[in-house]
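**Q** model this:
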Amino acid sequence: MKYFIRSLKYFCALCVLCAAIMYLNRLAGTARLSIPETLYVMFHTPRGMLLPGAILLLAAFYPKFGFIMRQVEGDVVENREQILNAFRSEGFSLRSEADGVMTFRADNWGKKLSLLGEDEIKVEQYGQWIRIEGIRRGVARVQYRLDSYLNMIGHHE
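**A** Got it, this is the predicted structure:
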């Protein structure tokens, strides 16, 4: 069910983006067709069906490639301050901590909206690794920062 909801959110976001582009083209005077004519062409011609088809495909596969798990060598307890700093610098804050899992969420509504409400990132210890799991954009940025912070500590010791 979570997969379907994520896919539906992304579908809606892509439809809003498509509508905004059509509206901006119309306002700028670069569109030769009216909105109803554009919609007719989009849904009644083989070439026009490419955009709705692409939107459906992207939305269907978004949950597969939009969420990842990354690992950074370190210890959640020893490197707690670096973890908190990495998330803080990317606009996330610690919301809960239970059973060895730290849960971070976006600090402001703008970031939450840009992540389509999928702003939850989980951090836990996995052997000698710190495992970070969540939306690709957030995880990749936090991983880069955390890796940099941990490397700075390693060079100073």
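
**Q** when you work out contacts or count neighbours from here on, use the C-alpha atoms and nothing else.
**A** Noted.

**Q** low-confidence stretches in this structure?
**A** 154-157 (pLDDT under 70).

**Q** now the strands for it?
**A** All strands of the chain, identified by DSSP state E, fall at 67-73, 92-98, 101-106, 121-126, 129-135.

**Q** from the contact counts, what lies against the first one?
**A** Think strand 67-73. Using 3 or more C-alpha pairs under 8 Å, 6 or more residues apart in numbering; DSSP states H and E as the contact criterion, the neighbours of strand 67-73 among helices and strands are strand 129-135, helix 136-156.

**Q** what do you get if the cut-off is 6 Å, keeping everything else the same?
**A** The criterion is 3 or more C-alpha pairs under 6 Å, 6 or more residues apart in numbering; DSSP states H and E, and the helices and strands that strand 67-73 contacts are strand 129-135.

**Q** again, but for the third one
**A** Contact partners of strand 101-106 among helices and strands, from 3+ C-alpha pairs under 6 Å, 6+ apart: strand 92-98, strand 121-126.

**Q** what residues sit buried inside that strand?
**A** Within strand 101-106, the residues that count as buried by 16 or more other C-alpha atoms under 10 Å are 102, 103, 104, 105, 106.

**Q** what pairs with it, parallel or antiparallel?
**A** When sheet partners are counted by DSSP bridges, strand 101-106 sits next to strand 92-98 (antiparallel), strand 121-126 (antiparallel).

**Q** how does this structure divide into domains?
**A** With domains defined by automatic domain parsing, the chain comprises 2-64, 67-156.

**Q** could you identify which of those is most buried?
**A** By mean neighbour count, with neighbours taken as mean count of other C-alpha atoms under 10 Å, domain 67-156 ranks first of the domains of the chain at a mean of 17.

**Q** still on that earlier bit, which one among the buried residues of strand 101-106 gets closest to residue 34?
**A** Using C-alpha to C-alpha, the shortest approach to residue 34 within those belongs to residue 106, at 39.4 Å.

**Q** and the longest helix anywhere in the chain, how far from the chain's centre?
**A** In the chain, assigned by DSSP state H, the helix with the most residues is helix 2-28. When C-alpha coordinates are averaged (C-alpha atoms, centre = their mean, to the nearest Å), helix 2-28 and its chain have centres 15 Å apart.
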